[in-house]
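Asks: Fold the following and give me the result.
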Amino acid sequence: MSASFHYWRVTVWNQHDLTSQSLTNEFFTAYPRSSGLLPPYSMNQTYMPHTSLIFRSWFEDEPNRWKGVWIGDNGDKPLYVRKSLHLDQKPARAIVFASGLGHFNFVCNGDPRAAHGHVLDPGWTNYHRTVQFVAYDVSGILKQGENVLGAHIGNGFYAGDQGDDRFFWPCYEDNTYVRYGNELCFFAEVHLFFDDGRRETITTGPDWKLMKSATTLANIYSSETKDLRAYPTGWDAPGFHEDDQWKNATPVTGPRGKLKYQSQPPVVLHETFEPISQAQLEHGTATFDFGQNMTTMVKLEVSGPAGAEIIVRFSETIGDDGKVLMPDPLFKQFEHGVFCKFTLAGDGIETWEPDFCFTAARYIQVEGVSLEEGKDLPLVHSITSRHVSSAARRLGYVKTDKEDVNALIKMCYWSFVSNLFSYHTDCPQIEKFGWLEVTHLLAPSTQYIRDVESLYTKILDDIVDAQEPNGLCPTMAPEIRYMCGPLHDTITWGGAVALLPEILRFYYGSTQTFEKLFEPCVRYMEYIRTKERVGGLIEHGLGDWGRDIAFGNNQANIETAIYYRCLRNIQRMAHELGKAESEKRFCEWADRIYSVYNEHLLVTDKTLHPYAFYTSRDQPGKQDRNMVAQAFALQFDLVPSEHIADVQRAFLADCGDSGNRIQAGEIGLKYLWNTLADVDRPDIVLEMARQEEHPSYMRFIRQGETTLNEFWQDACRSKSHDMLGTIYEWFYNAVLGLKPETEAYKTWTVKPPLKSEFNHVEGSVECPYGNIEIEYDRDEEGRDVTMKVTVPTSTTGFLLLPNDSSSVSIKRTQPGVESDPVTQTGARIRLRAGRYNLHLKP
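Replies: As a prediction, this is how the structure comes out:
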């Protein structure tokens, strides 16, 4: 039955037929027809009874259709919506389905538990195609007697609002900004279950009340305006008197998109930071340094006279004068035109926090205040920076005995978590767009620290929603602004449609997306085939974006390799789905691209170099040999087996010729680290990372940065980009040594970092079967090497040693079980489920 509870538990039998049973679990279902609000209120039989026959089909399956309607005030400014209801009996269970666009904060009886910690509900989607709804369990909040349900609704991307004095991006050339809709709206269904078996459903409609919010501007780019004098204290709780400002809600058309449950983790507040320093720069201007750049929703406590206006500015950089600074002159609007402003009510210590916006910031500048009493200005009592991000659970960590490396690991971590919301954002400060290249480039890194399976599954839905009739998958999803040329059409971005399903299969064992994504993937490949050159090369996109800022090099190497990988992935999808003809077709298609790739890019005559290598087509008629070309061919299995050693040699030669400096943009960077891991050269990785001048990770750290910059620059416009963070994968694979071998870590390998400078490494990853733990120790002389390894149940770990004569003493350390050490010899040692102490003789 729709909209009802279902219960289940698991029973396990062992080999002796002894059973173990889980606790009872439950889930609550929505409607099978949860694809839209049908029918629109304006066509309800109440108003148009003569349409009853036409709309009969909408009512024939009454238990399985949505009954609520979208409500609003026909305006685009934030508003409060409330419903006071009297219950004769406390319900045993109560579930609320709700959505509000652009974002909404759900309230019930003034209890902060009602929203379960969510902020920025629902997730951002293409609202013309999909609108997410959220479920809240308020069983413990509703009571007998008067109750209040409601929401505070703001703009988000749905109906973006520039205001009179702020900046909003994206804008069209005529300075009008992009919108999905022009009316803020809300709907809810409340399902009440009583002990006597009764069930009641309460829905939104014209009997709900609303009024304009005290927040008069809610701009997603961290620009809000709020007058605390106008805040209707207690509006979200019983006992509140609705004055004449509260009007009956108006049923509105609402968005065009189909309703889907918000299946990805919600956005929530995480760690709270206090300032590490503060300063009164001048009369009325105070700045606060929180020591960590991150996505934030600030909380500020101030006291002052009624009517006093306070401005809050956010920045990742400060200037020599200590004030917030946007280093890039092309983006000065983020310094001057992005700010929050609130007006005090004069009621003692007052609290302000943003309702519907977030940004990335290390520094907060507050204007119109003092840090000391007696200055005839409002007084700041406290300020905190609250990290906001996806609630996706944390899975692992890695730590070494080198402080600069640990600082880089931390920098990558904060860059990643500051870009995970209801989508994988490009940067949380400037664009906030869903550029797609980071999704597949960083998925192998991100899955070590956060469970992103459901988030990336939602991103695939976004890509399908964004796909164009000709099959093109654009560079971003959701697509808020139509870009042009390669900024709209680049396979390294759009190819995520075929790359992410395989990533989900490999890391999570999940193939649920295959059926849904197969046809969109086929359509995209059909589109890309129209872009082939010289029989199969693709070279119309952005190339290795981010090298020398935006230097489109290695297009044929990169884009054709991505094309090839997409084709192989679709071949696998066809196999899993039992589509034999399609599997054969895509196998032959991929084989053709393999041949064309090597025909045009592989140089085997050994006249220029004494080994085979791959050239780019950047300069027609001239052969080059750069590290990105070699890395892509190696990592995408495009090198004929007889040439692999040569191409690895060519790769290392180019590293040496560059002085072990990074010669890659954001696309090539991942495969550079992957190749250096394969050839076991941690020394080159660390030398590249530690260069004095850019490109260099450690230069970021020496400059005081705590997150990754967008480009290899000191004065960079954006300093919370994660696209350069693919080295994080190398820390797990080549330093901790952990690498999944088969899907969902059913088998995995651990390769001790014997050739590295590290004498101590520790870390863990919670894989789908349990927690993998690894600790590596080596004495200063490098002779005594020990490890501790935990292998989860239902997985097999393999210890990789240098050669067949290597040996290891293995002692199992299960609690309460003593076992004698066993010595094994070989390059690949099996470790079954359990805990082990290992003594290596490599």
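
Asks: okay, now the domains of this protein?
Replies: The chain resolves into domains spanning 28-264, 269-390, 396-733, 744-841 when parsed by automatic domain parsing.

Asks: quick one: Met787 from Thr204, how far?
Replies: Taking Cβ to Cβ, to the nearest Å as the measure, Met787 falls 59 Å from Thr204. Just so you know, the C-beta spots here come from the backbone N, C-alpha and C atoms, and that holds for glycine as well.

Asks: Tell me which of the two has more neighbours.
Replies: Thr204 (27 against 21; other Cβ atoms under 10 Å).

Asks: Doesn't Glu583 lie inside a helix?
Replies: Yes - the assignment for Glu583 is a helix, going by DSSP: H, G, I helix; E, B strand; the rest coil.

Asks: Got the confidence number for the residue lying closest to it once chain neighbours are set aside?
Replies: Spatial nearest neighbour of Glu583, excluding adjacent residues (Cβ to Cβ, 6 or more residues apart in numbering): Ala574 at 3.9 Å. Ala574 is assigned 98 on the pLDDT scale.

Asks: Tell me which helix or strand Ala574 sits in.
Replies: Per DSSP states H and E: Ala574 is located in helix 555-576.

Asks: That helix: which residues count as buried?
Replies: 555-574 (16 or more other Cβ atoms under 10 Å).

Asks: what's in contact with the host helix or strand of Ala629?
Replies: Taking DSSP H and E as the definition, Ala629 sits inside helix 627-635. Here helix 627-635 makes contact (Cβ atoms under 8 Å, 6 or more residues apart in numbering) with 544, 553-554, 557-558, 561, 597, 601-602, 613-616, 638-639, 644, 647-648, 650-651, 654-655, 658, 663-664, 668, 671-672, 674-675, 678.

Asks: can we see that at 7 Å?
Replies: The contact list for helix 627-635 (Cβ atoms under 7 Å, 6 or more residues apart in numbering) reads 544, 554, 557-558, 561, 613-616, 639, 647-648, 650-651, 654-655, 663-664, 668, 671-672, 674-675.

Asks: cool, stretch 69-78 as well?
Replies: 37, 41, 79, 81, 152-155, 159, 161, 182-187, 204-205, 208, 210, 212-213, 215-216, 218, 249-252, 254.

Asks: Ends of it, what's the gap?
Replies: End-to-end distance for stretch 69-78: 19 Å, by Cα to Cα, to the nearest Å.

Asks: And stretch 207-226, by the same measure?
Replies: Stretch 207-226 has an end-to-end distance of 27 Å (criterion: Cα to Cα).

Asks: residues of that stretch that come out buried?
Replies: For stretch 207-226, by 16+ other Cβ under 10 Å, it's 208-211, 213-226.

Asks: Tell me which stretches of the stretch 1-150 of the chain form strands.
Replies: If DSSP state E, counting those that start in this stretch is used as the criterion, the strands of the stretch 1-150 of the chain fall at 5-8, 11-13, 19-21, 25-28, 71-72, 79-87, 93-101, 103-108, 118-119, 130-137, 145-154.

Asks: hey, which of those strands is tucked in deepest?
Replies: Ranked by mean neighbour count, those are led by strand 71-72 with a mean of 26 (mean count of other Cβ atoms under 10 Å).

Asks: follow-up on the earlier one: between the domains of the chain, which one is closest to Arg9.
Replies: Closest approach to Arg9 among the domains of the chain is made by domain 28-264 (16.4 Å; Cβ to Cβ).

Asks: So for the nearest residue to Asn25 once chain neighbours are set aside, what's the pLDDT?
Replies: Among residues not flanking Asn25 along the chain, Trp8 sits closest, at 5.5 Å (Cβ to Cβ, 6+ apart). Per-residue pLDDT puts Trp8 at 88.

Asks: any idea how far Glu453 is from Trp8?
Replies: For Trp8, the distance to Glu453 (Cβ to Cβ) stands at 20 Å.

Asks: same question, Ala633
Replies: According to Cβ to Cβ, Ala633 stands 30 Å off from Glu453.

Asks: So for those two, which sits in the more crowded spot?
Replies: Counted by other Cβ under 10 Å, Ala633 and Glu453 do not tie: Ala633 has more neighbours, with 27 against 20.
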